Every structure is written in structure tokens, then in C-alpha cells.
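Undergrad: Quick one: sequence plus predicted model below, questions after.
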Amino acid sequence: MSALLSVERLSVSFTTYGRRTQVLHDVSLNVPEGAQIALVGESGSGKSVTMKTIMGILPIPPAKIEGGRILFEGRDLLTMPERDRLRLRGTAMSMVFQDPMSSLNPVFTIQDQLGTILKYADRRLGRDRDRRGRYARILEVLGQVRMRDPERVARSFPIMLSGGMRQRILIAMALLSEPRLLIADEPGTALDVTTQAQILKLLKDLVTENRLALLMITHNLGVVRETCGYTYVMNKGRIVEHGQTQSIFDAPREEYTRSLIAAVPRLTGRDA
């Protein structure tokens, strides 16, 4: 299976108040077509910097890319013209963010917000879709994320929806342009455990149904076990371990990985 996304020896530093600090050290990972891959690490491990560099939203400066390549379908994102990279972002590559209320505008309806995103994506892709066509696509995607009444949801403002419904809206936003790669940044973290489990199952079902590749960014190995077949473990800006997810759970090589596994909540007692 060929790699849709390949990060090769990526190194990134930040300079603040005249002091340079390297935050990524020769990070390499692959996301094959149709695969579900996890990048796991605690806060400050470097996973968010990796994600932002891939998506081209890392602030430069103060950040500086010291070396490496990011290949998407064989093209290096770091050297391609900015116009081409913008065309990929939000179309071929989409993101699901963790906090719906910081991503949704409270004064516009869901239809207005999804419509604006779809219109922008259509323009980037050279698609000629009128307002009625965009509305039909919005209802289609709202149905895909299992909204029971897409038309009512489309007319709603974010405050009128539950936390789980707002998270589904973010997933719908990411699916609008029919991307090939979905990057999910701690989806459902702000939700209760039951709703988070529903969102993760939905996400897994959607990437399978739409034949998407998924890169899951998370600190929670319990989430990874349920959603991803292959896992990269990151600590202090380095990939310290990677392999099949079940193999990492069964026989972790690194002490850091063992500590992450030990932090996963258990539903039964030690002697059960």
C-alpha cells in the first residue's frame, strides 16, 4: 500500500527572545492510503507542531523548519508554491479540531458556515456549483454524520446544538470537499466519555465508508486502541516507538510507552 502522506526526518525549531529551541528532531512517519494511523504523546511532546507543519499552519517565524520533507502523493509540501499548498489544504487534506466552540461562529447558522466553506473549496477545485447544489451537499454531509434532521440542524445556530452535535458539525466541515486525508486533533476530548465514544466510532465508520486515510492526534492510548491500526509514539519531539497498535499494547519496548499505557483507565479491577 503506497503512502499518501510521508513525513521524512522533519526538524523544527522555535526562536523566542533570541533563544533557539529545537522542538522536533528528525520526525518520520507514513500514512498509507486508506489507513488509520495514530500519533500519540502527552502535552508538549511535539505532536501538535507536527500536525500544524503538515497542514501548513505553523507560524513562521517564530518557528523555523530546519530540515526534512513532507510528501503528499509524492509532492513535497514544504517546497511547492504556496498557491498549490492552499489548494490542497481544506480539499485533499482536511482537519477535525477538538473544540467546536472555538471553530464555529456563534452568530451564523450551520448552513451559512458550511456553505462558506464549501463555496471556498469549490472555487479552489474549479467546481461550478450553485447555491441549491451547495445546500444539497450540506444536507448530504449532515446525513453522513448521522444528524437525524439535517434541515433543522442546517437552520440552527451552534448554541442550539449539543456538544456532540457540534463535534459532528466539525466532522461534516472536514468531509465537505471529499478529502483523501483526514487529520483529527483530539476529537471529542471536551465531551463526556459516552459521547466521545460515539464520536470516535462515527469517525472510524466515516473514514472506512469514504475510503479516507486518517491521522489521529491524541494523548490517549485508549482512544487509539479503538480507532487505529498503527501507532507512532512521540516524546520530547522524537518518535520513540512505532508499530501495529495491538503489538505496542502487548509488548511496548519503551518505558515512556509503558507509562502511557498504564495511564489508560481500566473498567475492571486488577484481579477481575
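TA: All right, it came through fine.
Undergrad: how about the helices of the stretch 1-150 of the chain, start to end?
TA: In the stretch 1-150 of the chain, the helices defined using DSSP state H, counting those that start in this stretch lie at 47-55, 82-88, 100-103, 110-125, 131-144, 150-155.
Undergrad: Quick one: closest of those helices to H242.
TA: Comparison of these against H242 by C-beta to C-beta identifies helix 47-55 as nearest, at 13.0 Å. For glycine as for every other residue, the C-beta is placed from the backbone atoms N, C-alpha and C.
Undergrad: count of neighbours near T218?
TA: Here the count is done by other C-beta atoms under 10 Å, and T218 has 24 residues near it.
Undergrad: State the number of residues packed around the residue lying closest to L86 once chain neighbours are set aside.
TA: In space, L86 comes closest to R124 once its chain neighbours are excluded; the distance is 7.3 Å by C-beta to C-beta, 6 or more residues apart in numbering. R124 is flanked by 17 other residues according to other C-beta under 10 Å.
Undergrad: Check whether R124 really touches T91, as I assumed.
TA: Yes. Taking C-beta atoms under 8 Å as the contact criterion, R124 and T91 are neighbours in contact, 5.6 Å apart.
Undergrad: Low-confidence ranges, this structure, go.
TA: Counting by pLDDT under 70, the chain contains low-confidence ranges at 1-2, 90, 99-101, 188-193, 264-272.
Undergrad: do that again at 50, thanks
TA: In the predicted model, the chain carries pLDDT under 50 at residues 267-272.
Undergrad: So which residues of it form strands?
TA: Counting by DSSP state E, the chain has these strands, from start to end: 3-16, 19-32, 36-40, 63-72, 75-76, 93-96, 181-185, 213-218, 230-235, 238-244.
Undergrad: export these to TSV and tack on distance to M51?
TA: Converted to TSV, the strands of the chain look like this (distance: least, C-beta to C-beta, whole Å):
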stretch	distance to M51
strand 3-16	10
strand 19-32	11
strand 36-40	8
strand 63-72	11
strand 75-76	18
strand 93-96	8
strand 181-185	6
strand 213-218	5
strand 230-235	11
strand 238-244	14
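Undergrad: who wins for proximity to R166 among those?
TA: Taking these one by one with C-beta to C-beta, strand 93-96 is closest: 11.8 Å.
Undergrad: Share the number of residues neighbouring L114, please.
TA: The burial count assigned to L114 is 24, neighbours taken as other C-beta under 10 Å.
Undergrad: Quick one: residues contacting the closest residue to it other than its chain neighbours.
TA: Counting by C-beta to C-beta, 6+ apart, the nearest residue to L114 once its immediate chain neighbours are dropped is I138, at 4.7 Å. If you count contacts by C-beta atoms under 8 Å, 6 or more residues apart in numbering, I138 has them with Q111, L114, G115, L118, P150, A154, A172, L176.
Undergrad: try K204
TA: With contact taken as C-beta under 8 Å, 6+ apart, K204 is in contact with Q36, L214, E226, T227.
Undergrad: re the thing from before, among the contacts of I138, which pair sits farthest apart?
TA: The most distant members of those, if one measures by C-beta to C-beta, are L118 and P150, lying 14.3 Å apart.
Undergrad: With adjacent residues omitted, what lies nearest to E178?
TA: In space, E178 is closest to N210, 7.5 Å off (C-beta to C-beta, 6+ apart).
Undergrad: where's the one you found relative to R258, distance?
TA: Plainly put, N210 is 35 Å away from R258 if you go by C-beta to C-beta, to the nearest Å.
Undergrad: Same check on R123?
TA: The value you get for R123 to R258, if C-beta to C-beta is used, is 49 Å.
Undergrad: Okay, and the beta partners of N235?
TA: Beta-bridge pairing for N235 (DSSP bridges): R238.
Undergrad: ugh, wrong one, I meant P32
TA: When P32 is checked against DSSP bridges, its beta-bridge partners turn out to be A3.
Undergrad: okay but it is in contact with L212, surely?
TA: No. The pair formed by P32 and L212 falls short of the contact definition of C-beta under 8 Å, at 11.8 Å.
Undergrad: neighbour count winner among these two?
TA: The residue with more neighbours, out of P32 and L212 and counting by other C-beta under 10 Å, is L212; that gives 22 against 16.
Undergrad: Name all residues that make contact with that one.
TA: G34, P179, R180, L181, L182, L206 are the contacts of L212 under C-beta under 8 Å, 6+ apart.
Undergrad: I am finished for the moment; much appreciated.
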